[in-house]
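K.L.:
here is my input; please provide its structure:
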Amino acid sequence: MEYTIEQTAYIQGMLHKARAAMDQIAPLTQEDVRALAKAVAYLAYKRAEVWSTALFEENGGSGVLASKLARNTARPLGLAAQLDSVKTVGIIEEDPDGYLLKIAKPLGVVASLVPMTVPCGLVACQTIFGLMSKDAMIFSPHPRTKKVTNFVVQDIRELLRRMGYPMDLVQCVEQPSLALTNLLMEKADFVVATGGAAMVKAAYSSGTPAFGVGAGNSVSFIDATADLAEAAHGIMLAETNDWGAGCSTENSVAIHQAVYHDMLAALQAEGGYLCTPAQRDQLVNTIWKKGKLNVDAIIHSPQHIAALAGFSVPDSCSFLMTEETDPTRENLMTEEKLSPVVALWKVSGLEDAIDLVNRIHAISGAGHSCAIHSADETHIRRFAAGTRTSRVAVNTCTGLNNAGAYNNKMPWTFSLGCGSWGGNAYSENNTFHHYHNTTWVYRMMPAKTAPSEAEVFGAFLADPSRFTGYPEFSLQ
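P.N.:
Okay, the predicted model is just below:
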């Protein structure tokens, strides 16, 4: 891509200021950056209502304001609670015998690509991660939410100024464009891309080391031993949380045939509305336009979506449901919906459920997450082993828990790696240890003799025929 002189000067200027700011904080200790990161977390916690309202307004009133507020309050609090035990500066690990120690060092200037769905919390969260390792952060916002993203960054810059730290540790592209984003990725020291597949692919193609995230499209399996009422309640909570805006929201529910009708009734008791076949087709033609999600329909209430589709649902409806039988790419209901819409699938058992999850995720959501509701520990472990996902929630919804919660041990974050399945370089929650380099310092131990052939390869010595008789090499 060709860049103008003005574009190049703009990005180079941001990078120059970021690196100068990093030089100023190079002497900070672990205690210093911990206090700084905790201050950012407290600012995010205190400004959660202002930031959430700003996002709600700029994003056209989509989603649920109360959900945004809850998310932007809970996650900085959860992150701050972890800070006292995190090591990100200097010696972070040392062998008690003295033969190995590890030293953390900054990544440098980190370019972060910000999605339109969660810009406020993501900026605060990644700023905390970056500052803990003495990195500088430059955020490139989604054009649809550029004002609120810059607003949040400016709040953090003001906090840095008040604390006596360089404001340019945190910056934001004011008028984002494809060219500026690409140039930023090329020139930064590291990239974190949170968003759609195209964005992640661009990050990995930039020539700069990058962490990307995969698309969400969580599938929940209800087996014959599940607590149906509890499972249905969790799914309702996920669907009504910001009207399905989160990438971890359940998009499909696979139900064991033995409890299918009972589970359907449990979902209906939680406000699930089962669409007729005709309504189902209307819904598909509304959520997607020319194969892409319709921004006028997604992240809205079921009443709004149904009205756009040409039918009505009662005020008591909390999410829409369709019955599906075709897990192929041609069926758009296999994909991520970013709305309170759930595809229901009847499965014959555990292996059928595993196969369905993997088939759906081969279309969309590979590596992201799934859930199993079951009282059978053997089933839980077989399901977790058989599904190609990075996160498996047990007897809970993925929508509220994948990115950390007070009562689980998932690391708090806004960015979820999906492994090689999802085209990502890692398969875990993006967190503190992803924001620093590690130097391994090693010393030699007292001389030790090599193990014997028999100790290491003893099992193979009894049958040497497998390892003899291979051809000799020849240049002829």
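
K.L.:
CA only for contacts and neighbour counts going forward, please
P.N.:
Will do.

K.L.:
ranges for the helices of the stretch 251-400 of the chain?
P.N.:
Counting by DSSP state H, counting those that start in this stretch, the stretch 251-400 of the chain has helices at residues 260-269, 277-287, 302-309, 350-363, 377-386.

K.L.:
for the protein, which helix is longest?
P.N.:
When the chain is parsed with DSSP state H, its longest helix is helix 5-25.

K.L.:
quick check: mean pLDDT of that one?
P.N.:
Summarised as a single mean, pLDDT over helix 5-25 is 98.

K.L.:
if we go by neighbour counts, what in that helix is buried?
P.N.:
Applying a neighbour-count criterion of 16 or more other C-alpha atoms under 10 Å, one finds Q7, T8, I11, Q12, M14, L15, K17, A18, R19, A21, M22, I25 buried in helix 5-25.

K.L.:
hang on, the second one packs against T181?
P.N.:
This points to T8. No: contact criterion C-alpha atoms under 8 Å: T8 and T181 do not qualify, at 11.1 Å.

K.L.:
got a pLDDT number for the residue nearest the centre of the chain?
P.N.:
Against the mean C-alpha coordinate of the chain, by C-alpha atoms, centre = their mean, the closest residue is L416 at 2.3 Å. At L416, the predicted lDDT confidence score is 95.

K.L.:
helices and strands of the chain: which one bottoms out on pLDDT?
P.N.:
Confidence across the helices and strands of the chain bottoms out at helix 197-204, with a mean of 82, counting by mean pLDDT, DSSP states H and E.

K.L.:
how about the nearest residue to the residue nearest to the centre of the chain once chain neighbours are set aside, phi and psi?
P.N.:
Sequence neighbours aside, N429 is the residue nearest to L416 in space, at 4.6 Å (criterion: C-alpha to C-alpha, 6 or more residues apart in numbering). N429 adopts backbone torsions of phi -70, psi 130, taken as degrees, to the nearest 10.

K.L.:
pull the contacting residues for N429.
P.N.:
Residues in contact with N429 (C-alpha atoms under 8 Å, 6 or more residues apart in numbering) are A403, M410, P411, W412, T413, S415, L416, G417.

K.L.:
what about the third one, how many residues nearby?
P.N.:
For P411, the tally of surrounding residues (other C-alpha atoms under 10 Å) stands at 20.

K.L.:
residue numbering should commence at 31 henceforth.
P.N.:
Okay, using 31 as the starting number, the last item reads as P441.

K.L.:
and the helices in the stretch 81-230 of the chain?
P.N.:
Assigned by DSSP H, counting those that start in this stretch, the helices in the stretch 81-230 of the chain fall at 95-112, 149-162, 176-192, 208-217, 227-234.

K.L.:
CA atoms only for the first one - export them in CSV, please.
P.N.:
Written as CSV, here are the backbone C-alpha positions of helix 95-112 (Å, rounded to 0.1, in the frame of the first residue of the first chain):
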residue,chain,number,x,y,z
LEU,A,95,-26.5,0.4,28.5
ALA,A,96,-26.7,-1.5,31.8
SER,A,97,-24.7,-4.4,30.3
LYS,A,98,-22.0,-2.0,29.1
LEU,A,99,-21.8,-0.4,32.5
ALA,A,100,-21.6,-3.8,34.3
ARG,A,101,-18.8,-4.9,32.0
ASN,A,102,-16.9,-1.7,32.3
THR,A,103,-17.2,-1.8,36.0
ALA,A,104,-16.4,-5.5,36.7
ARG,A,105,-13.4,-6.0,34.5
PRO,A,106,-11.2,-3.1,35.8
LEU,A,107,-12.0,-4.2,39.3
GLY,A,108,-11.2,-7.8,38.5
LEU,A,109,-7.9,-6.8,36.8
ALA,A,110,-6.9,-4.6,39.7
ALA,A,111,-7.5,-7.4,42.1
GLN,A,112,-4.9,-9.5,40.2
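
K.L.:
go through it and flag the buried ones.
P.N.:
Using 16+ other C-alpha under 10 Å as the test for burial, helix 95-112 gives 95, 97-99, 101-110.

K.L.:
show me which pair in these is furthest apart.
P.N.:
Spatial extent of the buried residues of helix 95-112 (C-alpha to C-alpha) is set by the pair L95 and A110 at 23.1 Å.

K.L.:
measure the residue nearest to L446 to P441 for me?
P.N.:
Plainly put, N459 is 6 Å away from P441 if you go by C-alpha to C-alpha, to the nearest Å.

K.L.:
mutual contacts of those two, please.
P.N.:
When contacts are counted by C-alpha under 8 Å, 6+ apart, N459 and P441 have A433 as shared neighbours.

K.L.:
about what we covered before: with distance to K117 added, can I get the buried residues of helix 95-112 in CSV?
P.N.:
What follows is the buried residues of helix 95-112, written out as CSV (distance: C-alpha to C-alpha, whole Å):
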residue, distance to K117
L95, 35
S97, 32
K98, 30
L99, 29
R101, 25
N102, 24
T103, 24
A104, 22
R105, 20
P106, 18
L107, 18
G108, 17
L109, 14
A110, 14
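
K.L.:
out of those residues, which is nearest to I168?
P.N.:
I168 has its nearest neighbour among the buried residues of helix 95-112 in P106, at 19.5 Å by C-alpha to C-alpha.

K.L.:
was I right about the closest one contacting Y72?
P.N.:
Yes: applying C-alpha under 8 Å as the test, P106 and Y72 come out as touching, 7.1 Å apart.

K.L.:
wait, a helix at W442?
P.N.:
No: read with DSSP: H, G, I helix; E, B strand; the rest coil, W442 is coil and lies in no helix.

K.L.:
might you report the residue contacts of it?
P.N.:
With contact taken as C-alpha under 8 Å, 6+ apart, W442 is in contact with R105, G108, L109, A433, G434, A435, N459, T461.

K.L.:
so it versus Q309, what's the distance?
P.N.:
Per C-alpha to C-alpha, W442 is found 38 Å from Q309.

K.L.:
what's the burial count for the closest residue to R359 other than its chain neighbours?
P.N.:
Spatial nearest neighbour of R359, chain neighbours left out: I393 (5.9 Å); criterion: C-alpha to C-alpha, 6+ apart. Neighbour count for I393, taken as other C-alpha under 10 Å: 18.

K.L.:
before we move on, what about W375?
P.N.:
A count of nearby residues for W375, using other C-alpha under 10 Å, gives 22.

K.L.:
show me what it is bridged to.
P.N.:
Beta-bridge pairing of W375 under DSSP bridges involves A284, E354.

K.L.:
so how far is E79 from it?
P.N.:
Distance, W375 to E79, using C-alpha to C-alpha: 38 Å.

K.L.:
do H409 as well
P.N.:
H409 is 42 Å from E79, where distance means C-alpha to C-alpha.
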